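1. show me the folded form of this:
(2 chains)
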Amino acid sequence: MGWSCHAPRRAARARGARPAAAHAWTRRAAGLAAIVAPALARAASPLAEPQLPDLAYLDPGAGSLLLQALVAAVAGAALAISAYWRKIRAFFGRGSRARDRSDRAPRDD
Amino acid sequence: MTDGGDHRGGRLGASFRDPSGFVFERDGVLYRQVNRSYAADYDRLLGSGLYAALVEKGLLVAHEEVSIAPTGVADAYRILRPDALRFFSYPYEWCFGQLQDAALATLEIQRIALGFGMSLKDASAYNIQFRDGRPLLIDTLSFESYRAGSPWVAYRQFCEHFLAPLALIAYRGAALARLMRVHLDGIPLALARSLLPARAWLRLQLLLHIALHARYQRRFEAVGSRSVAAPTPRALSAKSFDNLLAALHGACASLAWEPSHTEWADYYAGDSYSEAGDRNKEAAVAEYLDRIRPATVWDLGGNTGRFSRIASERGSFTVCFDVDAACVERNYREMRRRREARLLPLVMDLVNPSPALGWAHRERFSLVQRSSADLVMALALIHHLAIANNVPLPDVAEFFASLAPHLVIEFVPKSDPKLQVLLATREDIFPDYTQPGFERAFAARFEIVDSRALKGSERAIYLMRRKL
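-> Numbers count the residues shown, from 1 in each chain, chains lettered A, B, ... in the order given. As a prediction, this is how the structure comes out:
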């Protein structure tokens, strides 16, 4: 499985200009979707799985290690998108100011 | 703990699998031996400041290095005496909120550990205990030096021990918490995947960490055999590791289970008992507790903990058991809200209590093996055991006598409205279930120290002491 979604990320980081990277964003999102969507579709599909021999000798741990890079990439993308979304909302002056103020309020919990 | 195991130098249950060290008991005190193979990681845990940081936050059990003779196992590096715990509970005895808090504490510990260049090599729910109402990591040997770029070796265990059962309870109900009693190594993700409804996959995090994870396990499980080439895991950058932990945190924190529409949670709100009768009962319980001054109380069938709190507020460490997960959940939330340190609510079915489990029955202790109570309370419980579950009264007395030297017990006569409901649907085959019959049955194991009728009902409450 390829991990091409990291290439545009590296390129964007090299340019070091986050606000100007809007087009990189869309490329990144598309690249990610191309990898993730089929995997997710397979994960959710109820199709019967092939029988594998010698269950006692199989180790389900390998898949757990391999999966993490993908999961972290998706999580990172989700976090970045939500951060980006907040920026857009802030640009249109929606809600963020009130939230900033409440964030700064001292916690007495 | 009353596990024997002398041929293993007093080594206890679950730690036998860990090459880093093990727990043993000597003269009633629990110790943890650190083996030489773990020396470097142990020194790093203390030297890096991680140990101090976690202990200060109340997330890791504190310990003292002691110089007692090791157990005869040659490669002892250090012997630790961890702070003692009043009671060991297991994840299959926790309510949803407790499992969730234990999961979030585990992620928090891992996040802090990464900052000190270490990582959890285990994310077992059995490594967490509740102390002073808060989750606490008790396995000091869970940490290893973190190698930059390596994925989290405990990721799978975290999903199987925490995320899968949380999702199953959230989507399918508290009954599925009992799956943890069957699967001591965590709920297999393929099983969780098959049990969760399709709408669970609308949550991206569950789709990734459970459904896709199960797929990946299946797909790469034959790695090492001839047919499947071993792909190398991609390096996981520090940032990606953070993202992974944040995603797991979000996945666990966003799941919810509400204790509603259950049998017992509305018990006090109902008309079971007059308010005057309850106050009368509270006064009697308080007086008995003041007379015995127990260090530890077990409240059996304790519902949402109303009477447990009489004990815990008097300074007794109190475990409140109930069969109904909704009651335990409410009790736990109330405990957390009031920051009560001496109360531990747990789910326990008294007619099928936690057995000894695992390898050679030594990994997880039965309820009776863990008995540490000075006093057992059994209020409004006897009829559920004797009538609803057909347990003969002498057997009930025998069981209570195996738990503690003192007993505060309420007798509920057949004339009681609640018992009338029970008897309405079954044949009355309980000729001995009378107040004199009850006293006779319990006299075999206990002497009656005091008894009184409860005003506003035909019930009676007793203080008993176990016969030697």
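2. please count neighbours and contacts with C-alpha atoms only from this point.
-> Will do.
3. for the helix or strand containing B:Ile461, which outside residues touch it?
-> Per DSSP states H and E: B:Ile461 is located in strand B:460-466. Strand B:460-466 is contacted from outside by B:281, B:284, B:288, B:401, B:404-412, B:445-454, using Cα atoms under 8 Å, 6 or more residues apart in numbering or on different chains.
4. pairing partners for it, with directions?
-> Its sheet considered, strand B:460-466 pairs with strand B:406-411 (antiparallel), strand B:446-453 (antiparallel) by DSSP bridges.
5. how about low-confidence regions in the stretch 301-450 of chain B?
-> Low-confidence segments of the stretch 301-450 of chain B (pLDDT under 70): none present.
6. distance of the residue of it found nearest chain A relative to B:Arg134?
-> At 10.9 Å from chain A, B:Arg337 is the closest residue in the stretch 301-450 of chain B, using Cα to the nearest Cα. The spacing between B:Arg337 and B:Arg134, counted by Cα to Cα, to the nearest Å, is 12 Å.
7. secondary structure class for B:Asp457?
-> Residue B:457: Ser, not Asp. Per DSSP: H, G, I helix; E, B strand; the rest coil, the secondary structure class of B:Ser457 is coil.
8. okay, it: pLDDT?
-> Model confidence at B:Ser457, given as pLDDT, is 87.
9. contact residues of chain B facing chain A?
-> Residues of chain B lying close to chain A (Cα under 8 Å from any Cα of the partner chain) are B:151-153, B:155-156, B:198, B:201, B:207-209, B:211-223, B:231-236, B:240-241, B:243-244, B:246-247.
10. which of those are buried?
-> Burial by neighbour count, judged by 16 or more other Cα atoms under 10 Å in any protein chain shown, picks out B:151-153, B:155-156, B:201, B:207-209, B:211-223, B:233-234, B:236, B:240-241, B:243-244, B:246-247 from these.
11. residue of the stretch 51-200 of chain B closest to chain A, please.
-> Of all residues in the stretch 51-200 of chain B, B:Arg156 sits closest to chain A, at 5.6 Å by Cα to the nearest Cα.
12. got phi/psi on that residue?
-> B:Arg156 has phi and psi values of phi -60, psi -50 when expressed as degrees, to the nearest 10.
13. that one reaches A:Ser64, doesn't it?
-> Yes. Using Cα atoms under 8 Å, B:Arg156 is in contact with A:Ser64, at 5.6 Å.
14. quick one: distance of the helix or strand harbouring B:Lys281 to the chain centre.
-> Here B:Lys281, judged by DSSP H and E, is contained in helix B:275-292. Centroid separation between helix B:275-292 and its chain, computed with Cα atoms, centre = their mean, to the nearest Å, is 28 Å.
15. tell me which residues are up against it.
-> Residues contacting helix B:275-292 (Cα under 8 Å, 6+ apart): B:307, B:310-311, B:408, B:454-457, B:461, B:463.
16. ok, now which ones touch B:Leu248?
-> Contacts of B:Leu248 were listed using Cα under 8 Å, 6+ apart, and they are B:107, B:205.
17. the residue of the stretch 51-200 of chain B closest to chain A: what's it in contact with?
-> Shown in contact with B:Arg156 (Cα under 8 Å, 6+ apart): A:61, A:64.
18. tell me how far B:Ala192 lies from B:Gln205.
-> Using Cα to Cα, one gets 14 Å for the distance from B:Ala192 to B:Gln205.
19. quick one: which of these two has more around it?
-> B:Gln205 (23 against 19; other Cα atoms under 10 Å in any protein chain shown).
20. where's the more buried one, which helix or strand?
-> Using DSSP H and E, B:Gln205 sits in helix B:204-206.
21. what's that helix packed up against?
-> With contacts taken as 3 or more Cα pairs under 8 Å, 6 or more residues apart in numbering or on different chains; DSSP states H and E, helix B:204-206 sits against helix B:238-254.
22. return the helix it packs on as PDB; C-alpha atoms alone will do.
-> Taking Å, rounded to 0.1, in the frame of the first residue of the first chain, the C-alpha atoms of helix B:238-254 are listed here in PDB:
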ATOM      1  CA  ALA B 238       6.400  12.300  17.300                       C
ATOM      2  CA  LYS B 239       3.600  14.400  15.800                       C
ATOM      3  CA  SER B 240       1.900  11.400  14.400                       C
ATOM      4  CA  PHE B 241       2.100   9.600  17.800                       C
ATOM      5  CA  ASP B 242       0.500  12.700  19.400                       C
ATOM      6  CA  ASN B 243      -2.300  12.500  16.700                       C
ATOM      7  CA  LEU B 244      -2.800   8.800  17.400                       C
ATOM      8  CA  LEU B 245      -3.200   9.500  21.100                       C
ATOM      9  CA  ALA B 246      -5.500  12.400  20.500                       C
ATOM     10  CA  ALA B 247      -7.600  10.300  18.200                       C
ATOM     11  CA  LEU B 248      -7.900   7.500  20.800                       C
ATOM     12  CA  HIS B 249      -8.700  10.000  23.500                       C
ATOM     13  CA  GLY B 250     -11.500  11.500  21.300                       C
ATOM     14  CA  ALA B 251     -12.800   8.000  20.500                       C
ATOM     15  CA  CYS B 252     -13.000   7.000  24.200                       C
ATOM     16  CA  ALA B 253     -14.200  10.300  25.600                       C
ATOM     17  CA  SER B 254     -17.000  10.700  23.000                       C
END
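23. is chain B within reach of stretch A:75-94?
-> Yes. For a cut-off given as Cα under 8 Å from any Cα, stretch A:75-94 has contacts with chain B, namely A:75-76, A:79.
24. which of these tops the neighbour count?
-> A:Ala75 (24 neighbours).
25. that residue touches B:Leu244, doesn't it?
-> Yes. Counting by Cα under 8 Å, B:Leu244 is a contact partner of A:Ala75 at 6.5 Å.
26. isn't B:His161 up against B:Asp185?
-> Yes. Assessed by Cα under 8 Å, B:His161 is found in contact with B:Asp185 at 7.2 Å.
27. of these two, which one has the most company?
-> B:His161 (26 against 15).
28. give the helix, strand or coil label for the spatially closest residue to that one that is not a sequence neighbour.
-> Using Cα to Cα, 6 or more residues apart in numbering or on different chains and skipping residues adjacent in sequence, the residue nearest B:His161 is B:Gly186, 4.4 Å away. Counting by three-state DSSP, the backbone at B:Gly186 sits in coil.
29. I'd like to know how many residues surround B:Gly186.
-> There are 23 residues near B:Gly186, going by other Cα under 10 Å.
30. test my guess that it contacts B:Leu163.
-> No. Counting by Cα under 8 Å, B:Leu163 is not a contact partner of B:Gly186; they are 9.8 Å apart.
31. on that earlier part again, which element is encountered next along the chain beyond the helix holding B:Gln205?
-> Moving toward the C-terminus from helix B:204-206, the next helix or strand (DSSP H and E) is helix B:213-220.
32. that following helix - what's its average pLDDT?
-> The average pLDDT within helix B:213-220 is 89.
33. ok, stretch B:71-86 next?
-> For stretch B:71-86, mean pLDDT is 86.
34. start to end distance for it?
-> In stretch B:71-86, first residue to last residue: 24 Å (Cα to Cα).
35. for it, buried residues please.
-> B:71, B:76-82, B:86.
36. what residue lies at the spatial centre of chain B?
-> B:Ser89 (3.0 Å; Cα atoms, centre = their mean).
37. need the pLDDT of the closest residue to that one other than its chain neighbours.
-> Leaving out its chain neighbours, the residue that sits closest to B:Ser89 by Cα to Cα, 6+ apart is B:Gln129, at 6.5 Å. Listed pLDDT for B:Gln129 reads 98.
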